[in-house]
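[1] Got a predicted structure here, sequence first:
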Amino acid sequence: MRVLERAAAAALCAALAFAAPAGATLGTAYSDLVCRDPVDVANTFDFATSFIGITNCQKVCIQAFDICVRDVKAAASCQVAQASDWIASDSAVDCAGLKGADLSTCKQGWNLDLAAWKSSIMNTGNGTRIQGLAICQQKGNQCVLCSGH
Amino acid sequence: MKRAPLWLLLTGLALLPLAARAGSDSNPLLADPNGNPCFEIDQVAAQTTFADPNNPLDHVASCASLCKKDGASCSRLVKRAVSCQMHFASDTAVMKTKVHCDGLKGTDFKDCQTPFLDEKSAALANIQAEQTAELAKCNANATTCAGNCSASP
């Protein structure tokens, strides 16, 4: 039964691409992700034209860009931390009472889930962290054109 | 249809940056004036499940230890939210000052900056109070969780 449940959970994980982890876990610690998505955080920012006409506008643009980058990185780090805690709690419950090979298999399954979840956030090719940073960069690039206006 | 005179267009263009800066309530960093790049501090404890009576945690031998770990996780997330909100309050004050007080000096600058600093102080006080309340909820949930352990075989 446990194996079937885990197989179903893994399939659901794959289907949702970890977009909604609460639906794919036992939910022993959390019901949903608390930390914000790094892409959403980047999209919260809009400073491309905010500093046109002010003294040293390019310098201020760089400060704004740095804030955007810091918050995107903090969101990614927060998601990874919550994912780790969440999976640790679920796996401890799910693998409780197992021994030997069964225990290893059980833990391995959860570790794979965590690795995939982390990768969806931190992957340097298409993770949400790198996507968020690219959005900050785009806004910063537009902003530093302020002195030409 | 009459065309607008050139001087009117030029004046309008010259005033564009000032128009963009209008309204000291707006945050120059954000798309939505009421937006916030951080998650809410009070979302953390509200999203925890380890104190729920039907949580499968209470059937495992390491239940008490897991409750403690989950409580600590909750507290760490509260602190992350607090840190983000504090940065946000400071960033907002700095950026509002840069945009709205640009070019001012001496007393004029201080008078311009004061409301933004007051806004920041009020925000920081609220954040501190919220932190205390939410950390207490994490601890209370951990205690409730542990209580559920002893109630189960």
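    That came through fine. Residues are numbered from 1 along each chain as shown, chains lettered A, B, ... in the order given.
[2] how close does the closest residue to chain B within chain A get to B:Ser62?
    Nearest residue of chain A to chain B (C-beta to the nearest C-beta) works out as A:Gly53 at 2.8 Å. Where you see a C-beta, it was placed from the backbone N, CA and C, and this is true even at glycine. Relative to B:Ser62, A:Gly53 is positioned 61 Å away (C-beta to C-beta, to the nearest Å).
[3] just B:Ala123 next, same as before
    B:Ala123 is 40 Å from B:Ser62, by C-beta to C-beta.
[4] again with A:Leu98
    13 Å.
[5] Can you pull the phi/psi pair for B:Leu104?
    phi -80, psi 150 (degrees, to the nearest 10).
[6] my guess is it contacts B:Cys112, does it?
    Yes: the pair B:Leu104 and B:Cys112 passes the contact test of C-beta atoms under 8 Å, sitting 5.3 Å apart.
[7] low pLDDT regions in chain B?
    Where chain B drops to pLDDT under 70, the residues are B:1-24, B:151-153.
[8] I figured B:Cys145 hits B:Cys67, correct?
    Yes: judged on C-beta under 8 Å, B:Cys145 makes contact with B:Cys67 at a distance of 3.6 Å.
[9] what's the overlap in contacts for these two?
    B:50, B:57 (C-beta atoms under 8 Å, 6 or more residues apart in numbering or on different chains).
[10] circling back: between A:Gly53 and B:Ser62, which has more neighbouring residues?
    A:Gly53 (20 against 14; other C-beta atoms under 10 Å in any protein chain shown).
[11] still on that earlier bit, okay, B:Leu104 and B:Cys112: which has more neighbours?
    Ranked by neighbour count (other C-beta under 10 Å), B:Leu104 and B:Cys112 place B:Cys112 first, with 17 against 14.
[12] buried stuff in the longest helix along chain A?
    Ranked by residue count, the top helix of chain A under DSSP state H comes out as helix A:57-94. Across helix A:57-94, burial judged by 16 or more other C-beta atoms under 10 Å in any protein chain shown covers A:57, A:60-61, A:63-65, A:67-69, A:71-80, A:82-83, A:85-94.
[13] three-state assignment of the nearest residue to B:Val60 once chain neighbours are set aside?
    Counting by C-beta to C-beta, 6 or more residues apart in numbering or on different chains, A:Ala96 is the residue found nearest to B:Val60 once chain neighbours are left out, at 3.9 Å. Three-state secondary structure (criterion: DSSP: H, G, I helix; E, B strand; the rest coil) places A:Ala96 in coil.
[14] coming back round to it: of the buried residues of helix A:57-94, list those near chain B.
    Restricting these to those touching chain B (C-beta under 8 Å from any C-beta of the partner chain) yields A:60, A:63-64, A:67-68, A:71, A:74-75, A:78, A:82, A:85-86, A:88-89, A:92-93.
[15] Out of those, the closest to B:Thr92 would be?
    Among these, A:Ile67 lies closest to B:Thr92 (C-beta to C-beta), at 9.9 Å.
[16] Would you enumerate the residues in contact with that closest one?
    Taking C-beta under 8 Å, 6+ apart as the test, what A:Ile67 contacts is A:45, B:29, B:87, B:91.
[17] mind showing which ranges of chain A have poor pLDDT?
    A:1-24, A:149.
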